[in-house]
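Trainee: Sharing a model prediction with you, sequence too.
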Amino acid sequence: MSCSRRNFLTGAGAVIFTTGVAGTAVISSKKTLASVQEDGDKRYGMIHDETACIGCTACTEACREVNNVPEGVSRLEIVRSEPQGEFPNVDYRFTRNSCQHCDNAPCVMVCPTGAAYKDEKTGIIDVHQDKCVGCGYCLLACPYQVRFFHPENKSADKCNFCRDTNLAQGKLPACVESCPTKALVFGDLNDPSSEINKVLNTQVVYRDKVHLGTSPKLYKVPHQKGEISS
Amino acid sequence: MGNIKLAIVIMLKTLLAFCLYGNSVHAIADSNVAQVASDSARHEVELIRDKDYKCVQCHKDSKETLMGSHGEESHKILGRDVNCTECHNNIGPDHREGAPKVTKYAAAQSQSGTEKVFLDPEAILKANSQCTDCHQPKYLRDDSWTHDVHAKNLTCSNCHDVHAKKTKVLALDKKERIKLCVDCHSDFNNNKEEE
């Protein structure tokens, strides 16, 4: 039985075509409104609006409660600048420091056990707690210095956009829910009609340390006074 | 006649004798006082009058409650009590008919809220100067950065009450303090969106 090059390629093409179509059909059949995470091809991102943030740290506390983060460590911090201006017109700039969910994440690249990973369905960077051996490579590799060892389970920990808590229940991340001034916008960067894309298309934004090539997904609307320190 | 003369002479002599004796008694009394005074140290004049006496007759526990915040602390700095009229000045003659003139302290903010009183920023700054004359901004900043951003936007009374030891914000833990921020800011954020 002879198999010419031409026959092989057409055969292979047909196989790829049929399985490909069937594959997408299976994925699209899973689509329901309730299970946000089972929708494929999401790219979750966040915007922190520094012009709206008042530095109350309600987000930090909400995150602590929802994700069971003990005192002493935190998945997200609000960094307050030095005072700007003179009394009685003093102002501060507040900026969010938390996992940027880099598309090109250094923590994932250095992890020797595959504990740090990027969830391809949502674009969220997360940690398999049972795979983490606590070597600390990821803590050092992260240019944003947002990873820490969880004092209870000793594995590397950080923001995962409430992937296993609020997001799994179909709610917004705890920080977004708790913000009194709506300074946080969370959504799918792949969806052109999402709120996050609307803001990105109308506001001036920046991201921290873009020059490192990490492609972070935490955008910030800059405070209107003083220097932006990214 | 001789008897009468003798009687007059005796009367005059006894009168003279009494006068001399009386004078000497007086002189002794004087000299005693002088001796006692020279023994003790120089007498110090003290102001016995309590400036707050009349206020406390009606505002019975106000002085006591003030001691919680301005008692020991004010003695450390001023070396004396803070008096009622240092904060509540302008007591008018019609003080008992609603006291319209006296300086009072109440919560107000520069953005309209559902339950809060609105006051424009300049008026708030002026009202707060009653406190910031002593509690200077640079020290307030060290205590909390929130003083800075609210200098023109909130009266001190929103978060503080001096007539008690630990009241309002000072009595709250971290979470309750955050709730204080959240309640106010979400309120006027919602109001803005409704407009």
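Mentor: Yep, that arrived.
Trainee: Only C-alpha atoms from now on, for both contacts and neighbour counts.
Mentor: Will do.
Trainee: what about the residue in chain B that chain A sits nearest to, helix or strand, and which?
Mentor: Residue of chain B nearest chain A, by Cα to the nearest Cα: residue B:186 (4.4 Å). Assigned by DSSP states H and E, residue B:186 falls within helix B:174-194.
Trainee: Can you give me the buried ones in that helix?
Mentor: Buried residues in helix B:174-194, counted by 16 or more other Cα atoms under 10 Å in any protein chain shown: B:177, B:178, B:179, B:180, B:181, B:182, B:184, B:185, B:186, B:187, B:188, B:189.
Trainee: Now it - C-alpha only, CSV.
Mentor: Extracted as CSV, the C-alpha positions of helix B:174-194 are listed here (Å, rounded to 0.1, in the frame of the first residue of the first chain):
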residue,chain,number,x,y,z
LYS,B,174,-8.8,49.3,62.0
LYS,B,175,-11.7,47.7,60.3
GLU,B,176,-14.2,50.1,61.8
ARG,B,177,-12.1,53.1,60.8
ILE,B,178,-12.1,51.9,57.2
LYS,B,179,-15.9,51.6,57.4
LEU,B,180,-16.0,55.2,58.4
CYS,B,181,-14.2,56.1,55.1
VAL,B,182,-16.3,53.7,53.1
ASP,B,183,-19.7,54.8,54.5
CYS,B,184,-19.1,58.5,53.7
HIS,B,185,-17.3,58.1,50.3
SER,B,186,-19.7,55.5,48.9
ASP,B,187,-22.6,57.8,50.0
PHE,B,188,-21.5,60.8,48.0
ASN,B,189,-20.2,58.6,45.2
ASN,B,190,-23.7,57.2,44.9
ASN,B,191,-25.2,60.7,45.1
LYS,B,192,-22.9,61.8,42.2
GLU,B,193,-24.0,58.9,40.1
GLU,B,194,-27.6,59.7,40.6
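Trainee: I would like the residues contacting that helix, please.
Mentor: With Cα atoms under 8 Å, 6 or more residues apart in numbering or on different chains as the test, helix B:174-194 has contacts from A:56, A:57, A:58, A:61, A:179, A:180, A:181, B:111, B:112, B:113, B:114, B:169.
Trainee: please redo it, this time with the cut-off set to 6 Å
Mentor: By Cα atoms under 6 Å, 6 or more residues apart in numbering or on different chains, the list of residues contacting helix B:174-194 from outside reads A:56, A:180, A:181, B:113.
Trainee: how about the helices in chain B?
Mentor: Per DSSP state H, chain B carries helices over the ranges B:2-39, B:53-58, B:62-70, B:72-77, B:84-87, B:121-132, B:137-143, B:146-150, B:174-194.
Trainee: Ok, chain A next?
Mentor: All helices of chain A, identified by DSSP H, fall at A:5-29, A:58-66, A:106-110, A:137-141, A:174-178, A:195-202.
Trainee: Mind checking the pLDDT average for the longest one?
Mentor: Yep, that's helix A:5-29 we're talking about. For helix A:5-29, mean pLDDT is 58.
Trainee: For residue B:13, which residues are in contact?
Mentor: Going by Cα under 6 Å, 6+ apart, residue B:13 touches no other residue.
Trainee: distance of it from residue B:6?
Mentor: 10 Å (Cα to Cα, to the nearest Å).
Trainee: ok, back up a step: between helix A:58-66 and the helix holding residue B:186, find me the angle.
Mentor: Interaxial angle, helix B:174-194 versus helix A:58-66 (axes from the mean of the first three to the mean of the last three Cα atoms, to 10 degrees): 120 degrees.
Trainee: related to what we said a few turns ago, looking at neighbours, which among the contacts of helix B:174-194 is most surrounded?
Mentor: residue A:180 (26 neighbours; other Cα atoms under 10 Å in any protein chain shown).
Trainee: Could you pull up the residues touching that one?
Mentor: With contacts defined as Cα under 6 Å, 6+ apart, the neighbours of residue A:180 are B:182, B:185, B:186.
Trainee: could you dump those residues to JSON lines with pLDDT?
Mentor: Shown next, in JSON lines, are the contacts of residue A:180 (pLDDT from 0 to 100):
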{"residue": "B:182", "pLDDT": "93"}
{"residue": "B:185", "pLDDT": "91"}
{"residue": "B:186", "pLDDT": "90"}
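Trainee: ok, back up a step: now the residue of chain B closest to chain A: how far from residue B:109?
Mentor: Distance of residue B:186 to residue B:109, computed by Cα to Cα: 14 Å.
Trainee: Give me the pLDDT value at residue B:35.
Mentor: 50.
Trainee: thinking again about what came up before, quick one: least confident of the contacts of helix B:174-194?
Mentor: Least confident of these in the model: residue B:113, at 80.
Trainee: For that residue, which non-adjacent residue is spatially closest?
Mentor: What sits nearest to residue B:113 in space, not counting adjacent residues and going by Cα to Cα, 6 or more residues apart in numbering or on different chains, is residue B:188, at 5.5 Å.
Trainee: ditto for residue B:111
Mentor: Nearest residue to residue B:111, sequence neighbours excluded (Cα to Cα, 6+ apart): residue B:118, at 6.4 Å.
Trainee: Around that neighbour, how many other residues sit close by?
Mentor: 17.
Trainee: got it, and residue A:125?
Mentor: When neighbours are counted by other Cα under 10 Å, residue A:125 comes out with 24.
Trainee: Surely it touches residue A:101?
Mentor: Yes. Look at residue A:125 against residue A:101 with Cα atoms under 6 Å: they come within range, at 5.4 Å.
Trainee: ok, back up a step: got the contact list for the residue nearest to residue B:111?
Mentor: For residue B:118, the contact set (Cα under 6 Å, 6+ apart) comprises B:108, B:109, B:110, B:112.
Trainee: wait, isn't the first one in contact with residue B:117?
Mentor: I take that to be residue B:108. Yes. Look at residue B:108 against residue B:117 with Cα under 6 Å: they come within range, at 4.7 Å.
Trainee: Tell me which of the two has more neighbours.
Mentor: residue B:108 (23 against 13).
Trainee: any idea how far residue B:90 is from that one?
Mentor: Residue B:108 sits 21 Å away from residue B:90, going by Cα to Cα.
Trainee: Excluding chain neighbours, give the residue nearest to the spatially most central residue of chain B in space.
Mentor: Centroid-nearest residue in chain B, with Cα atoms, centre = their mean: residue B:83, separated by 0.8 Å. Excluding the flanking residues, the one nearest residue B:83 by Cα to Cα, 6+ apart is residue B:52, at 6.3 Å.
Trainee: count of residues packed around the one you found?
Mentor: Neighbour count of residue B:52, defined by other Cα under 10 Å: 15.
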